[in-house]
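In: Whatever this is, show me its structure:
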Amino acid sequence: MVSVNIDGCGSFVSAADYNSYVQKALAAYDTLQAGNGEGNDFLGWKSLPVDIPESLIRDCEAVRDSWAGLNVDLVVVIGIGGSYLGARCAVEALSHQFLRTQSAPRIVFAGNNLSEEYLAELMDLVSQSNVACVVISKSGTTTEPAVAFRIVKEYIEKTYGKSGAASRIVAVTDAVKGALKTLATREGYRSFVVPDNVGGRFSVMTPVGILPIVLAGFDVRAILKGAAAQREALMERSADNPAVRYAAMRNLLYGVLGKKVEILVTFNPKLQYLGEWWKQLFGESEGKDGKGIFPASVVCTTDRHSMGQFIQEGDRVMFETTVVVENSNREVVIGSDPDNLDQLNYLSGERVEHCNSMARIGTKLAHIDGGVPQIEVCIDRISPESLGELFYFFEFACGISAYVLGVNPFNQPGVEAYKKNMFALLHKPGYEAMTEELEKRL
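Out: Next up, the predicted model:
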């Protein structure tokens, strides 16, 4: 289970202030559990770990098995934001970082940018592969994934024919409406439903995440099992509830000390995309109404040699939340060298992970001394179960934290502004007046 250590904040906050914020977090906990707060029509994620039917997983496995029969060796997963970050987090965390598992197709992600070079190089790979595609979009009209899908779909249809394309494209979309649902019905694509009561950034335990994880060859049942166990652990209304503790402390650091930036720190590069997923979860949930803690992330020890100077001695606007992985899945021991030119013989016989742990602890102490409060979110090891635990823990804590902050955790009204400008500048029909207005500003 996820545990939370807030000892690294003790020298910065008073017990009285912390207890006050615990009470605020408990009140927010009650709001989340009662389902009577703002955005309460998007609470379907709360029960997903125990609600996902076995039949859904089997349907995802049926796609995997049918594509294995076609010798598919590359799956392009098309989506943006919550439509891909959770799946990518799981796939990156569970994959070998250098070797590809031959029993599963390679999973690549597209539709999360508008880079022409990215798409051109993606198609270089596609043209050398036996390819299939998962396209994830509620509407089917979001620009980035729609552009990528149009290009990939055209290639698949040209290469395998219309009927072949129908067996190689799966849509994850709305149950009844939208452009992608219409296309999937017309072309005979297999399709999975994005639940109406689950927002994109909370959707990793829907087909949005489940299908890509299954296709990558990983144990999605174990992820759901870990999430269900974490859910059970968070059902206790208590000041010791780890989600309550985390939400209380981060809001205290923001509200009383003015710490406006939270840096999620990992000491394992496998968790880089956990940081990306977490940034969207908290940034889109809390950044509104002129409020919110800005979410950033670093991967150490790498980023100690780039961001380390600023974190240690820069503007004191930040605190850190470190994801502590207590046990490594692999073992590498440092050997001895008779010349000792690198002066590392004092580490002979030590595991590399011991050095990593001492680097983490040394960093924590140095940053406390430098005025940066420290929260630790601890898991046993990187595994499907622990990823499920982390997904559910952060989702639940985010709901509590946003209600403490006084914002709706489940909407994102600000993301439409750039889209309208982009549509106008691209001369999309219906935006003529806005096009004229914006072009005068350029």
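
In: what about the strands in the stretch 101-250 of the chain?
Out: Taking DSSP state E, counting those that start in this stretch as the criterion, the stretch 101-250 of the chain carries its strands at 106-110, 131-136, 169-173, 190-193.

In: domain parsing for this protein?
Out: 3-37+224-413, 45-221 (automatic domain parsing).

In: Give the rounded mean pLDDT of the first one.
Out: Per-residue pLDDT values across domain 3-37+224-413 average out to 98.

In: Mind putting the strands of the stretch 101-250 of the chain into a markdown table with mean pLDDT?
Out: Formatted as a markdown table, those follow (pLDDT from 0 to 100):
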| stretch | mean pLDDT |
| --- | --- |
| strand 106-110 | 98 |
| strand 131-136 | 98 |
| strand 169-173 | 98 |
| strand 190-193 | 98 |
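
In: got a pLDDT number for residue 101?
Out: Per-residue pLDDT puts residue 101 at 77.

In: Residue 429: what secondary structure?
Out: coil (DSSP: H, G, I helix; E, B strand; the rest coil).

In: returning to that earlier point: show me the one of the domains of the chain that comes nearest residue 425.
Out: Checking the domains of the chain against residue 425 by Cβ to Cβ gives domain 45-221 as the closest, at 11.7 Å. (Each C-beta comes from the backbone N, C-alpha and C, glycine too.)

In: ok so, going back, please convert the strands of the stretch 101-250 of the chain to JSON lines, extending it with mean neighbour count and distance to residue 301.
Out: Listed next are the strands of the stretch 101-250 of the chain as JSON lines, based on neighbours: other Cβ atoms under 10 Å; distance: least, Cβ to Cβ, whole Å:
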{"stretch": "strand 106-110", "mean neighbour count": "21", "distance to residue 301": "26"}
{"stretch": "strand 131-136", "mean neighbour count": "26", "distance to residue 301": "34"}
{"stretch": "strand 169-173", "mean neighbour count": "27", "distance to residue 301": "37"}
{"stretch": "strand 190-193", "mean neighbour count": "19", "distance to residue 301": "40"}
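
In: Which one of these lies nearest to residue 47?
Out: For those, proximity to residue 47 was assessed by Cβ to Cβ; strand 190-193 is nearest, at 16.0 Å.

In: What lies in contact with the closest one?
Out: Strand 190-193 has contacts (Cβ atoms under 8 Å, 6 or more residues apart in numbering) with 56, 59-60, 63, 170-175, 181, 184-185, 207, 211.

In: if we go to 6 Å?
Out: Around strand 190-193, the neighbours that count as contacts under Cβ atoms under 6 Å, 6 or more residues apart in numbering are 170, 171, 172, 175, 184, 207.

In: Using a markdown table, lay out these together with distance to residue 238.
Out: Below are these laid out as a markdown table (distance: Cβ to Cβ, whole Å):
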| residue | distance to residue 238 |
| --- | --- |
| 170 | 42 |
| 171 | 43 |
| 172 | 37 |
| 175 | 38 |
| 184 | 45 |
| 207 | 34 |
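
In: Most widely separated two among these?
Out: The span of the contacts of strand 190-193, defined through Cβ to Cβ, is set by 170 and 175 at 15.0 Å.

In: Tell me the confidence at residue 55?
Out: 98.

In: same question, residue 417
Out: At residue 417, the pLDDT recorded in the model is 80.

In: go on, residue 422?
Out: According to the prediction, residue 422 has pLDDT 89.

In: do you know how far the closest residue to residue 162 other than its chain neighbours is from residue 412?
Out: Distances taken as Cβ to Cβ, 6 or more residues apart in numbering put residue 187 closest to residue 162, at 7.5 Å, once the chain neighbours are dropped. Residue 187 sits 30 Å away from residue 412, going by Cβ to Cβ, to the nearest Å.

In: Assign a three-state SS to the residue sitting nearest the centre point of the chain, would you?
Out: With distances taken as Cα atoms, centre = their mean, residue 277 lies nearest the centre of the chain, 1.9 Å away. Recorded secondary structure, residue 277: helix (three-state DSSP).

In: which ones are touching it?
Out: Counting by Cβ under 6 Å, 6+ apart, residue 277 makes contact with 85, 86, 89.

In: Please identify, among those, the one with the most neighbours.
Out: Within these, most neighbours by other Cβ atoms under 10 Å means residue 86, with 33 neighbours.

In: thought that residue was touching residue 210?
Out: No: the criterion here is Cβ atoms under 6 Å, and residue 86 misses it with residue 210 at 9.7 Å.

In: Any figure for the gap between residue 52 and residue 46?
Out: In terms of Cβ to Cβ, residue 52 sits 13 Å off from residue 46.

In: Residue 223 too?
Out: Counting by Cβ to Cβ, the gap between residue 223 and residue 46 amounts to 16 Å.

In: do residue 299 as well
Out: Distance, residue 299 to residue 46, by Cβ to Cβ: 30 Å.

In: what pairs with the lengthiest strand in the chain, and is each one parallel or antiparallel?
Out: The longest strand of the chain (DSSP state E) is strand 318-325. Strands that pair with strand 318-325, judged by DSSP bridges, come out as strand 261-266 (parallel), strand 374-379 (parallel).
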